[in-house]
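1. Sequence and predicted structure are below.
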Amino acid sequence: MSVDANVLIYERIREELTGGKGIRLAIKDGYDKAYSAIIDANVTTLLTGIILYTFGTGPIKGFATTLIIGILTSLFSAIFITRLIISRRLRKNKEIKFSTKLTEGAFKNTNIDFIGKRKKFYILSGIIILLGMGSLVTKGLNYGVDFVGGRSYVVRFDDSVDNEKLRSELTTVFVDNDGLKYAPQVKTFGDDNQVKITTKYMIDDNTNDADEVVEAKLKEGLVKMQMDYEVMSSQKVGPTIADDIKDAAVWSVFFSLLIIFLYILIRFRKWQFSVGAVIALFHDILFVISAFAFANLFGISYEIDQVFIAAMLTIIGYSINDTVVVFDRIRENMGIKAGSDLIPVVNESINKTISRTLITSMTTFIVVLVLFLFGGASLSGFSFALLIGIIVGTYSSVFIATPIVVDLYTENN
């Protein structure tokens, strides 16, 4: 996601060059005009990172810390380091290009009537979300240990162990009478030959021998590793802890949306922008939940756990980043063309930013796709959520958030 600031700058420079400015003036004006969008987009993402840090625990707090540091360092790199490098090349009279022959004319003369098609996309989104909610009622979601509780075991092997292989072997034995498999969490716990295994298999069974049955299944799976092992300790994670995590998840999403609403209201001085952004974020959240419900309906089960909450907040940050960039251009053009009809100004703003939107989305999508394909089973749910989130976040910025602003603005003026 850190590439976005660079893309914003280079796209503005390309616009200045297209307008006939020389390379030095184009670079100066490109940086100056990109600052507003960069700051607004990154501050909104930073706010979600802070919320995630405040309400998260354990690895989620670590993820939030990485996200916050990443935003600050990428901002510094995009604004200062790249400009130093470009300025140095200019002083040495070296050639600097911001496009190739293949991309030079791309998206230059786009004139798509995005706003005119808004009702079709409202209907499309409504149908998909309704079908997703239907799947949610029919099949539900696969809640992980974080939300329903489970049993946790610390196991020590005589040598280092492959966590993904161990997780796969245990999944084949943690199977209920209906054939449903329960993939456990397997994490290195201390040395690389010691792991913590947590499973929700038979968590709702309160009979006296449930603990013995689960431990017997655990040992059945451990034997398949063909390594000497010792179960060091066991613990049952109760519903109280799970309920606390649920509450923290709900509050983190709520406060993220509230703070984003207030920030956009302060920066853009029009409540229509805040409402459009927050409705689009609700849309994105429902879209991702619908995708998980669809997957579960067709037998592809991704767990809903703390990592899923981290993914949802990351999607909120990514989506609002995308939306703010479009809003920033609308605000700029509304100032330049004061008194003009709103719809042509909005359409022009979307068309002007569509190149940046697609470049950022494609680069981010490729990285997350690699994570989805090669990140292992433990990250599959997280990366699946991000894949859907990138697609729907890009879509909602253009076809949901911005049209809602237009509709609200038209009704109140």
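-> Sure, I can see it.
2. So which residues of this structure form strands?
-> 142-143, 150-157, 185-188, 194-199, 229-237, 303-304 (DSSP state E).
3. Any idea which of the ones you listed gets closest to D113?
-> Between D113 and these, the tightest spacing by C-beta to C-beta is seen for strand 303-304, at 38.9 Å. Using the backbone N, CA and C atoms, a C-beta is placed for each residue, glycine as well.
4. Sheet-wise, list the partners of the closest one with their directions.
-> Sheet pairing of strand 303-304 (DSSP bridges) gives strand 142-143 (parallel).
5. Tell me which residues are up against the strand it pairs with.
-> Outside of strand 142-143, the residues within contact range by C-beta atoms under 8 Å, 6 or more residues apart in numbering are K200, N296, S301, Y302, E303, I304, D305.
6. ditto for stretch 215-223
-> Counting by C-beta under 8 Å, 6+ apart, 153, 155, 166, 169-170, 172-174, 197, 199, 201, 229, 231, 234 sit against stretch 215-223.
7. Which of those sits closest to Y10?
-> L166 (45.7 Å).
8. and the residue nearest to the closest one when sequence neighbours are not counted, what is it in contact with?
-> Distances taken as C-beta to C-beta, 6 or more residues apart in numbering place V186 nearest to L166, at 5.3 Å, with adjacent residues excluded. By C-beta under 8 Å, 6+ apart, the contact list for V186 reads N163, E164, L166, R167, L170, V195, K196, I197, S378.
9. Then S252?
-> S252 makes contact with I51, L52, T54, F55, G56, I309, L313 under the criterion C-beta under 8 Å, 6+ apart.
10. make it 7 Å
-> By C-beta atoms under 7 Å, 6 or more residues apart in numbering, the contact list for S252 reads I51, L52, F55, I309, L313.
11. burial count for the fourth one?
-> This points to I309. I309: 24 surrounding residues under other C-beta atoms under 10 Å.
12. is it true that it touches A249?
-> Yes - judged on C-beta atoms under 7 Å, I309 makes contact with A249 at a distance of 4.5 Å.
13. I336: which of the strands of the chain is closest?
-> Here strand 303-304 is closest among the strands of the chain (C-beta to C-beta), at 45.9 Å.
14. Give the rounded mean pLDDT of the closest one.
-> Across strand 303-304, the average pLDDT comes to 80.
15. Show me what the mean pLDDT comes to for stretch 79-95.
-> So the average pLDDT for stretch 79-95 ends up being 88.
16. ok, back up a step: between the contacts of V186, which sits nearest L47?
-> Of all these, S378 has the smallest distance to L47: 28.1 Å, by C-beta to C-beta.
17. Contact partners for the closest one?
-> By C-beta under 7 Å, 6+ apart, the contact list for S378 reads R167.
18. In contact with the spatially most central residue of the chain, which residues?
-> For the chain, I315 is the residue whose C-alpha lies nearest the centre (C-alpha atoms, centre = their mean; 2.6 Å). Counting by C-beta under 7 Å, 6+ apart, I315 touches D284, V288, A385, L386, G389, G393.
19. In terms of pLDDT, where does it sit?
-> Here the pLDDT value assigned to I315 is 87.
20. One more: the one 3 residues further on?
-> The predicted local distance difference test score for Y318 is 85.
21. hang on, the earlier thing: which one, of the strands of the chain, ends up nearest to K92?
-> Among those, strand 185-188 sits nearest to K92 (C-beta to C-beta), with 49.6 Å.
22. and the closest one, which strands flank it?
-> strand 194-199 (antiparallel).
23. Please state the offset of the strand it pairs with from the chain centre?
-> Using C-alpha atoms, centre = their mean, to the nearest Å, the mean C-alpha position of strand 194-199 is found 27 Å from that of the whole chain.
24. Now do it, average pLDDT.
-> Over the span of strand 194-199, the pLDDT mean works out to 88.
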